[in-house]
Each structure stands twice: as structure tokens, then as C-alpha cells.
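Student: Got a predicted model here, sequence first, then my questions.
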Amino acid sequence: MTYYYQVAVRGSVGDKDVFTYQSDMLLRRGQLVRVSLKGKLRIGAIWGEQKRPPYKTLPIANIFETVLTNQSLNLITWLADFYAANLSTCLQLCLPDKIDSNPKPRLKERTATIRPDT
């Protein structure tokens, strides 16, 4: 069975608050996912379930175990309403910066060599 979800995508711009994606798995509201938007993979949160739309939808690329709490979702909604911002912008404020980036290799530590004055 295919499920259709409204996803608030972090970093999206424009007037649209949520985008529709599909998955074969039943997901929870607030669950973090990775979706393709304008050719780039981005983090988003499931905002709600919906009926099958009349247009083609993209699949959800990855599903994370992390689920935002109802308090977090309510805060994001309140911020969007109060500041007349889209959900994506407010979602971005509530997620850690590094959640969707690949970890960079650590640099090797270097020890300083002190040379005696000659």
C-alpha cells in the first residue's frame, strides 16, 4: 500500500509550506525524513497524511528513527503563524545544523615541537 504525506522540507523557499511525497511505510507525524527537492536531498518532517493527489509524487528517500514531539510541532506551527513564515523556515530553526550533513573526517592532532634557542 502506498501512503501519501505532507512534508515540511528544511531549507525550502517560496510560498509553499509542505510538499507531497509517498512511501510504502506508515509513518508518524513529526518523523524526520530525507526527500528530494529541486534535485537535492533535504531533511523534512512528516506534517500529515493525505489522500492520493492527482499529480505524480516522489518517494521519500530515507526515514529516520527520530520523531519530533507534539510540543516541537506545536512550537513550529506557532512560530510560522506568529511571524507569518513558512513551516520550512521554522523547522530549520528547531533542527540541529549538522543533522543532514556527512561527518567530515577529523584532522590529525599535531603536537608542537619546541626547539631550544641556539
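Tutor: Thanks, I have it. Residues are numbered from 1 along each chain as shown.
Student: now for the worst-scoring helix or strand of the chain on mean pLDDT, which elements pack on it?
Tutor: For the chain, the helix or strand with the lowest mean confidence is helix 87-94, at a mean of 88 (criterion: mean pLDDT, DSSP states H and E). Applying 3 or more CB pairs under 8 Å, 6 or more residues apart in numbering; DSSP states H and E, one finds that helix 87-94 contacts strand 3-9, strand 40-50, helix 70-82. Using the backbone N, CA and C atoms, a C-beta is placed for each residue, glycine as well.
Student: what residues does it touch?
Tutor: Contact with helix 87-94 is made by 8-13, 17-18, 44-45, 47, 68, 72, 75-77, 79-80, 83, as judged by CB atoms under 8 Å, 6 or more residues apart in numbering.
Student: Drop the exposed ones from these and show what's left.
Tutor: 8-10, 12, 17-18, 44-45, 47, 68, 76, 79-80 (16 or more other CB atoms under 10 Å).
Student: Lowest pLDDT pick from the residues you listed?
Tutor: For these, the model is least confident at S12; its pLDDT is 78.
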